[in-house]
Structures are given as structure tokens and as C-alpha cells.
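Asks: A structural model of the following input is requested.
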Amino acid sequence: MKGSEQYTDAEIIRRILQGDSALFEILIRRYNPFLYKTGRSYNYGHEDTQDLMQDTFIDAYNNLSQFENRSSFKTWIIKIMLNNCYRKRQKFSFKNEISAEIDDRSVPMFSAAGNEHTTKTVMRKELNAVIEDALQQIPFDYRIVFSLREMNQLNVHETAHTLNISEANVKVRLNRAKSMLRREIEKSYTAADIFEFNLVYCDAMVNRVMSKLKRKHE
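Replies: Got it, this is the predicted structure:
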């Protein structure tokens, strides 16, 4: 039998729909970090983000048969998370940007070459606090695009689909977000360390969601 990491999302979903609901734990563990980063980028605190994550996983499980593979499962579940964040905040607006600001030659903000020797020297607790504070100062429209592109590693098309905006606007907002953040964090930090969702929290989220699903089916 293959290890859990060798199963594709499509294989896991197919088996869950056939009755092997315990495999949903794999999807929870696989997408915990992405949902956490999304909730925190929406400016929710740790506890509220965890509540939203639980709601999102439950919603995803309940609507799993509606997942049609037209987008990746990652994009699909992040969009559910964003919808839940929106409903909680009760406001979600975007402004149009000038297309002339698009720069397709832009490079990823966090390049390995510039950060390999610095990130290992920074305490994790300090890193989280500094970068989280910096991100919270950026307007939401740009912060959420930065989160999806740089932290959750969605491509331009997936980000546009998730946020219901044009690919051009994704590129503009990402460039603006980078300009706002670059001076403060590029010299010392990597995107992978931002809003790190520790294993202890991952285990807790698995237990929360699977326990709730179990109670529902009893």
C-alpha cells in the first residue's frame, strides 16, 4: 500500500466518496498550512483562523462530491476558506488597478540565493512576529494576493480564479505588495517561514475535524 504522500488528491477524494472517510485526514494534513496562512493574511488571529479552518474542512468534506477537478483541490479549498473569511468579516471589496503597472519580468520576492545564509540564524518566534507585523500593515487587497502567490504558491491563473479577479490585477497587486514588503523583510526572511503552522497545531486540527465528522456520522 502506498504511503499517504504518494496518493494524489484525486485518488484520495475518489476513495473518500467510496466510503473510506478516514482518508480525509490526509487532506487535512496536506492543506492545513495553506488555510492557516490564508486566514492569518485575512487579519484573523490564531484562534479565529483555526475555527475558520475547521469550518472550511467540514464544508469541503460535505461538498466533496461537487469537486469537479476543473481546478486543483488546493485552489478549491482555499476558495472555500476565503468565502468563510468573507462571511465572517462581512465585507470583501477590490479596487481596479492600472494595467500599465504590470511587470511580467518580475521575479519571486524570496529567492533562495539571497536568503540561504540568513534564515537559519533567526529565532523562529522573532521571525514570525516581525514578518506577521509587517504584513498586517499592508492593505488587504495586496496582502491576500501576496499570501496566495508567494506563501501558498498558487500560480497567477489559480490566484485570479480564487479571488475572482483578472490575471492582470493579480500581477499588479503582487508587484505592489512586494514593493511594500521588500525593504523590511527580503534581506533576512523566506516565505516558507511566514505564519508557520506547527505540527502540534496540525495534529490538533486533524483531531478537531475528524472528531466532528465522526460525531456527524454516528
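Asks: going forward, measure contacts between C-alpha atoms and count neighbours the same way
Replies: OK.
Asks: Could you measure from Gly39 over to Arg215?
Replies: From Gly39 across to Arg215, the span is 26 Å (Cα to Cα, to the nearest Å).
Asks: neighbour count winner among the two?
Replies: Remark: of Gly39 and Arg215, Gly39 carries more neighbours, 25 against 8, as counted by other Cα atoms under 10 Å.
Asks: what about that one, helix or strand, and which?
Replies: For Gly39, the enclosing helix or strand under DSSP states H and E is helix 24-41.
Asks: in that helix, what counts as buried?
Replies: Across helix 24-41, burial judged by 16 or more other Cα atoms under 10 Å covers 24-25, 27-28, 31-41.
Asks: From Leu52, how far off is Met151?
Replies: Going from Met151 to Leu52 by Cα to Cα gives 18 Å.
Asks: what's the weakest-modelled helix or strand in this structure?
Replies: Every helix and strand of the chain was ranked by mean pLDDT, DSSP states H and E. The lowest is helix 112-115, at a mean of 46.
Asks: Let me know the average pLDDT across stretch 6-18.
Replies: Rounded to a whole number, the mean pLDDT of stretch 6-18 is 91.
Asks: For the residue nearest to Phe34 when sequence neighbours are not counted, give me phi and psi.
Replies: Of all residues not flanking Phe34 in the chain, Asn152 sits nearest, at 5.5 Å (Cα to Cα, 6 or more residues apart in numbering). Backbone torsions for Asn152, taken as degrees, to the nearest 10, come to phi -100, psi -10.
Asks: just so I have it, where are all the helices in this protein?
Replies: 9-17, 24-41, 46-62, 73-89, 112-115, 124-136, 140-146, 156-163, 167-185, 199-217 (DSSP state H).
Asks: Tell me which of those helices is the most buried.
Replies: Mean neighbour count, computed with mean count of other Cα atoms under 10 Å, is highest for helix 140-146 among the helices of the chain, reaching a mean of 24.
Asks: helices or strands next to it in the packing?
Replies: Contacts defined by 3 or more Cα pairs under 8 Å, 6 or more residues apart in numbering; DSSP states H and E place helix 140-146 against helix 24-41, helix 167-185.
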